[in-house]
Every structure is written in structure tokens, then in C-alpha cells.
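Asks: Structural data only, the sequence is not supplied:
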């Protein structure tokens, strides 16, 4: 309600973050994911990569695919956590296996470059093809 304003309630970013935090602390997956994005991008609260990673990680552990990808990228780049390419690749793989095209493309890149995984051109080709297939299926669904 506070995030966008609703039914006579005025938009209030501080209240929105407060209530999203309360929800996330009670393991509400979507609230944790949203807080991850808010802190990653500094949209309605100051950017804080440590908080971003914390909330994305919570949502990722609860099975949120986009958060799994975000956590993987944070580990790859060392945003809010110590850089750990192997951990990053592991989280990105979870998202790729659930048909997130960006994650599939990233797995292609990781295998091509040998970042966080052993360099493997055959695996890179697999993920390239898989990303193309997934993107095509999504286009057909639209």
C-alpha cells in the first residue's frame, strides 16, 4: 500500500520499506525479493549491496528463480558478498535449470570463459541452445 499508494493511503517509501522488512523477516518470499531489488538499485532506499544480497539470498533459498540469478550475479561480481565465482555459478545454474533465459545465457558465458566452472565448450553450446529455445517458447506464449 505504501509503495504505490492505495485507497486513500499516500505513498510513503520509508513506511513501504518498514513493512516489506517486517514481511520478509517473517519469510515472505516476494517481500524479500522486492527488498533485494530496492537495495540493489537504490530505488526508494539508499543502495546497499549487503542488504540486497541478504534479501535476495533469503528469497533464493525459498525457490525464487529471479533471486537465485541475482544472488549468483552478486557472488560473481562481489556485490555485497566476497567474490566467489563457483558459488555464483551454482546459484545461476539453479535459475538456468528452471528456464530463466538470462541465467541460461550467463551459464553459456561462464562455461565459455571458465568462470566459476571448468571451461567446457560443449556445455556452453548446450546453454546457448537452451536459452534460444526458452526465449522462443516465451515469445510464442506472448
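Replies: Noted; the coordinates are in hand. Quantities reported herein were computed from a predicted structural model and do not represent experimental measurements. Numbering: from 1, shown residues only.
Asks: Do you know the pLDDT at residue 46?
Replies: For residue 46, the pLDDT comes out at 92.
Asks: Please disregard the earlier target; I meant residue 9.
Replies: Looking at residue 9, its pLDDT stands at 48.
Asks: Then residue 13?
Replies: 81.
Asks: Isn't it up against residue 42?
Replies: No. In this structure, residue 13 is not within contact of residue 42 by Cβ atoms under 8 Å, at 11.4 Å. For the C-beta atoms, the positions are set from N, CA and C on the backbone; glycine is no exception.
Asks: centroid residue for this protein?
Replies: Nearest residue to the geometric centre of the chain (Cα atoms, centre = their mean): residue 70, 2.4 Å.
Asks: mind checking which helix or strand that one is in?
Replies: Residue 70 belongs to helix 65-77 when assigned by DSSP states H and E.
Asks: Flag every buried residue along that helix.
Replies: Neighbour counts over helix 65-77 (16 or more other Cβ atoms under 10 Å) mark 65, 66, 67, 68, 69, 70, 71, 72, 73, 74, 75, 76 as buried.
Asks: Which elements pack onto it?
Replies: Under the contact definition 3 or more Cβ pairs under 8 Å, 6 or more residues apart in numbering; DSSP states H and E, helix 65-77 sits against helix 29-41, helix 49-61, helix 85-96, helix 101-113.
Asks: and residue 59, what is it in contact with?
Replies: Residue 59 makes contacts with 29, 30, 32, 33, 36, 67, as judged by Cβ atoms under 8 Å, 6 or more residues apart in numbering.
Asks: how near is it to residue 70?
Replies: Distance, residue 59 to residue 70, by Cβ to Cβ, to the nearest Å: 8 Å.
Asks: what's the overlap in contacts for those two?
Replies: residue 36.
Asks: List the buried residues of the helix or strand hosting residue 122.
Replies: Here residue 122 sits within helix 121-141, counting by DSSP H and E. Neighbour-count burial for helix 121-141, counted by 16+ other Cβ under 10 Å, picks out 123, 124, 127, 128, 130, 131, 134.
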